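# here is my input, please return the structure:
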Amino acid sequence: MCSNGLLCRNKMINANLEGIRQLEGEIQAEKASAKQTEQELRHELHKLQQDNDRQQKVLSQNLKKTPQAQTEAILQHEINRLTGENVDLREKIDQLAEQIKKYKKQLKLYVKKVKDSGGVEIELQPQPERVDNMPLVRHKEVEYLGMFEYKKEDEPTIIKTLIYDLKPKIAIGLLPGLPAYVLFMCIRHTDYVNDDEKVRCLLNNTIQGVKRLIKKRFEELEYTVLWLANTCRLLHNLKQYSGDKAFQVENSPKQNEQCLRNFDLSEYRQVLSDVAVWIYQAVIKILEERVQPLIVPAILEHEAIPGISGNKPGGMRHRSSSVAREPDSPSFDPQAALDGLLKELGAFYKVLSIHGVDPELITQVYKQLFYFICAGALNNLLLRKDMCHWTKGMQIRYNLSHLEQWCREMRMQHAEVVETLQPIVQASQLLQARKTDDDVTAVCDMCDKLTAAQIIKILNLYTPADEYEERVPVSFIRKMQARLKERAGTEEAAAAGGGLLMDSKFAFAIRFPFNPSNIRLEDIVLPEALAPLHHVLRKV
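From the prediction side, this is the model:
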């Protein structure tokens with residue numbers, strides 16, 4: 001019983017001692033706080049006394065000065081006061097900056113401990129508000145190398161997000177060619193760690209992924225154009241950062257530092273070039289299929305010049321159209337067809353531009369497309385006697401001038417594209433030209449893009465527009481044949497070929513001129529539209 005009482009008394013003593021220590025701590029804290037407050041008050045009192053002394057001094061001086069001198073003294077006093085306040089504020093700013101640096105260091109240490117213990121990664125840099133899906137260029141304290149680190153097992157997620165799941169309507173809100181930049185930054189990291197198996201696997205799966213997507217979406221213009229642009233951009237990046245001096249002319253010093261150091265990917269550049277050619281051909285096929293039903297109504301049948309549409313050759317006024325069209329192709333009103341064709345050309349141009357296709361490649365697309373339009377129009381003209389008269393020649397030439405004007409408005413390489421229309425342009429001029437024996441040489445020289453068979457065919461089909469116009473003299477046709485035989489050995493005739501119909505399936509050679517980028521790889525940030533990549537790619 002006694003021992004229990006002693007134990008209780010000891011507990012009470014310990015509790016009292018703990019209470020005393022706690023009170024002592026509180027007293028010490030209060031004492032320190034009071035001391036600090038006293039120092040602050042004394043400092044403030046000292047400042048007020050100094051300010052009061054200055055004001056008294058200024059006041060006594062002003063009583064002895066003229067009004068102008070008094071004003072100057074007051075202004076000088078205010079300047080001194082504001083300067084002092086500015087110095088104090090700068091000191092506070094410096095103190096706060098030091099505190100921020102200290103807290104950032106502590107926070108980084110804390111984040112590192114959390115990551116080491118398997119916790120959730122914390123984003124240190126708060127993201128500013130931004131438009132969804134838009135790539136951002138953010139300035140950070142960290143100096144990035146312009147690479148994305150990833151694990152090999154995350155490669156399917158990268159391919160799926162960048163290729164299979166990326167829709168064109170989302171891609172147009174991103175940096176043009178962003179998937180190509182991201183893939184190249186992954187390639188740079190494999191080069192940085194010198195993992196040849198990893199880079200081979202990434203490139204092979206990227207190429208196969210693009211091929212599978214295009215095979216699945218081969219009839220959709222937006223998908224084919226999106227991956228034509230990205231394939232070309234990846235090809236350009238592999239050249240620009242290859243270390244080859246020929247591709248470094250426009251590089252910045254930083255870009256030269258970022259060149260590949262361990263891998264020579266020239267063989268993959270050739271593979272990507274082949275893939276780009278294949279996608280380009282798919283794009284051309286889609287465009288040709290879309291304009292094909294519009295060619296004859298827009299170029300041959302559209303009559304925009306008023307007053308001459310009634311001058312159809314005698315015997316043809318009640319004849320039905322025998323235009324050679326595809327069996328399943330839709331028919332278009334000739335009076336609306338030209339506007340429809342120009343709208344299609346404009347829509348194609350918008351899609352190509354918005355996805356960042358190189359301007360030189362856009363020019364090649366329209367060069368090929370205008371050749372197809374020319375071939376379709378000329379081949380139909382050669383099969384239609386009712387079209388071969390001078391009034392129709394005027395209408396055709398007028399319709400073609402709209403295509404030429406459209407090219408000028410788009411500011412593409414006008415001469416190179418419009419040159420492909422020359423055969424049908426010259427055919428319309430042949431219909432309008434004077435056809436006497438004295439004009440043989442001039443007509444022959446004017447039609448240097450037409451073959452001999454085409455010229456003679458048009459002359460034989462030519463029908464006077466009315467009873468006042470004479471038919472083409474037989475002597476003129478015979479002299480033209482003789483003159484064309486003399487031309488047969490020249491380079492122009494050899495280039496033009498000797499057939500009657502133009503080859504509508506002819507394709508110009510495709511070139512991918514090198515187009516370096518001034519985009520800084522270290523500034524590229526993954527947008528929210530590519531959210532799945534946030535968990536598998538780490539910017540280095």
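# in the stretch 301-450 of the chain, which spans are helices?
Counting by DSSP state H, counting those that start in this stretch, the stretch 301-450 of the chain has helices at residues 334-354, 359-381, 390-410, 414-418, 422-432, 440-446.
# weakest of those helices by average pLDDT?
Of all these, mean pLDDT reaches its minimum on helix 414-418 (a mean of 87).
# which helices and strands sit right next to it?
With contacts defined as 3 or more C-beta pairs under 8 Å, 6 or more residues apart in numbering; DSSP states H and E, the packing partners of helix 414-418 are helix 359-381, helix 390-410. To be clear about C-beta, it is placed using only N, CA and C from the backbone, and glycine gets the same treatment.
# how far is it from where the chain is centred?
24 Å (C-alpha atoms, centre = their mean, to the nearest Å).
# for Pro527, find the nearest of the helices of the stretch 301-450 of the chain.
Among the helices of the stretch 301-450 of the chain, the nearest to Pro527 by C-beta to C-beta is helix 334-354 (16.6 Å).
# and the angle for that closest one with helix 390-410?
20 degrees (axes from the mean of the first three to the mean of the last three C-alpha atoms, to 10 degrees).
# how far off centre is helix 334-354?
For helix 334-354, the distance to the chain centre is 20 Å (C-alpha atoms, centre = their mean).
# with stretch 285-298 instead?
Going by C-alpha atoms, centre = their mean, the spacing between the C-alpha centre of stretch 285-298 and its chain's C-alpha centre is 27 Å.
# likewise stretch 83-90?
With C-alpha atoms, centre = their mean, you get 50 Å for stretch 83-90.
# thinking again about what came up before, tell me which of the helices and strands packed on helix 414-418 is the most buried.
helix 359-381 (a mean of 21; mean count of other C-beta atoms under 10 Å).
# just the CA atoms of that one, as CSV, please.
Extracted in CSV, the C-alpha atoms of helix 359-381 (Å, rounded to 0.1, in the frame of the first residue of the first chain):
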residue,chain,number,x,y,z
PRO,A,359,5.6,23.7,-99.4
GLU,A,360,7.8,22.0,-102.0
LEU,A,361,5.8,18.8,-101.6
ILE,A,362,2.5,20.7,-101.9
THR,A,363,3.7,22.1,-105.2
GLN,A,364,4.4,18.5,-106.4
VAL,A,365,1.0,17.4,-105.3
TYR,A,366,-0.7,20.1,-107.4
LYS,A,367,1.7,19.5,-110.3
GLN,A,368,0.5,15.9,-110.4
LEU,A,369,-3.1,16.8,-109.8
PHE,A,370,-3.1,19.5,-112.6
TYR,A,371,-1.5,17.0,-115.0
PHE,A,372,-4.4,14.6,-114.2
ILE,A,373,-7.0,17.4,-114.8
CYS,A,374,-5.3,18.2,-118.1
ALA,A,375,-5.2,14.6,-119.3
GLY,A,376,-8.8,14.0,-118.4
ALA,A,377,-9.9,17.2,-120.2
LEU,A,378,-7.8,16.7,-123.4
ASN,A,379,-8.7,13.0,-123.7
ASN,A,380,-12.4,13.8,-123.6
LEU,A,381,-12.0,16.7,-126.0
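# what helix or strand is Asn515 located in?
Element membership for Asn515 (DSSP states H and E) is empty, with no helix or strand holding it.
# what values do phi and psi take at it?
phi -130, psi 90 (degrees, to the nearest 10).
# list the residues that contact it.
For Asn515, the contacting residues are Cys232, His236, Asp358, Glu360, by C-beta atoms under 8 Å, 6 or more residues apart in numbering.
# okay, Leu166: pLDDT?
Looking at Leu166, its pLDDT is 97.
# for Val87, same thing?
Looking at Val87, its pLDDT is 76.
# show me how far the one helix or strand it maps to is from its chain's centre.
Remark: Val87 resides in helix 67-116, with elements defined by DSSP H and E. Relative to its chain's centre, helix 67-116 lies at 45 Å (C-alpha atoms, centre = their mean).
# do the same with stretch 386-405
37 Å.
# same deal with stretch 208-217?
Remark: stretch 208-217 is offset 21 Å from the chain centroid, using C-alpha atoms, centre = their mean.
# okay, it in CSV with CA atoms only?
In CSV, the C-alpha atoms belonging to stretch 208-217 read as follows (Å, rounded to 0.1, in the frame of the first residue of the first chain):
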residue,chain,number,x,y,z
GLN,A,208,5.1,-0.9,-89.3
GLY,A,209,2.6,1.2,-87.2
VAL,A,210,2.4,3.9,-89.9
LYS,A,211,1.9,1.3,-92.6
ARG,A,212,-0.9,-0.5,-90.8
LEU,A,213,-2.7,2.8,-90.1
ILE,A,214,-2.5,3.9,-93.8
LYS,A,215,-3.7,0.5,-95.0
LYS,A,216,-6.7,0.8,-92.7
ARG,A,217,-7.4,4.5,-93.5
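# what residues sit buried inside that stretch?
Residues Gly209, Val210, Leu213, Ile214, Arg217 are the ones in stretch 208-217 that count as buried (16 or more other C-beta atoms under 10 Å).
# surely the last one and Leu226 touch.
No. In terms of C-beta atoms under 8 Å, Arg217 does not count as a neighbour of Leu226; the distance is 9.4 Å.
# picking that back up, distance to Asp264 added to the helices of the stretch 301-450 of the chain, as a markdown table?
Putting these into a markdown table (distance: least, C-beta to C-beta, whole Å) gives the following:
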| stretch | distance to Asp264 |
| --- | --- |
| helix 334-354 | 32 |
| helix 359-381 | 26 |
| helix 390-410 | 39 |
| helix 414-418 | 34 |
| helix 422-432 | 44 |
| helix 440-446 | 53 |
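# closest one to Ala529 among those?
With respect to Ala529, and counting by C-beta to C-beta, the nearest of the helices of the stretch 301-450 of the chain is helix 334-354 at 15.6 Å.
# which residues touch the closest one?
Helix 334-354 has contacts (C-beta under 8 Å, 6+ apart) with 172, 176, 221-222, 225, 287, 290-291, 294-295, 297-299, 301-304, 332, 362, 365-366, 369, 399, 402-403, 406, 410.
# picking up where we left off before, got the helices and strands packed on helix 414-418 as a markdown table, with distance to Asn515 columns?
Listed next are these as a markdown table, based on distance: least, C-beta to C-beta, whole Å:
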| stretch | distance to Asn515 |
| --- | --- |
| helix 359-381 | 7 |
| helix 390-410 | 19 |
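# closest to Gly84 out of those helices?
helix 359-381 (60.7 Å).
# who does the closest one touch, helix- and strand-wise?
With contacts defined as 3+ C-beta pairs under 8 Å, 6+ apart, the packing partners of helix 359-381 are helix 266-295, helix 334-354, helix 390-410, helix 414-418, helix 422-432.
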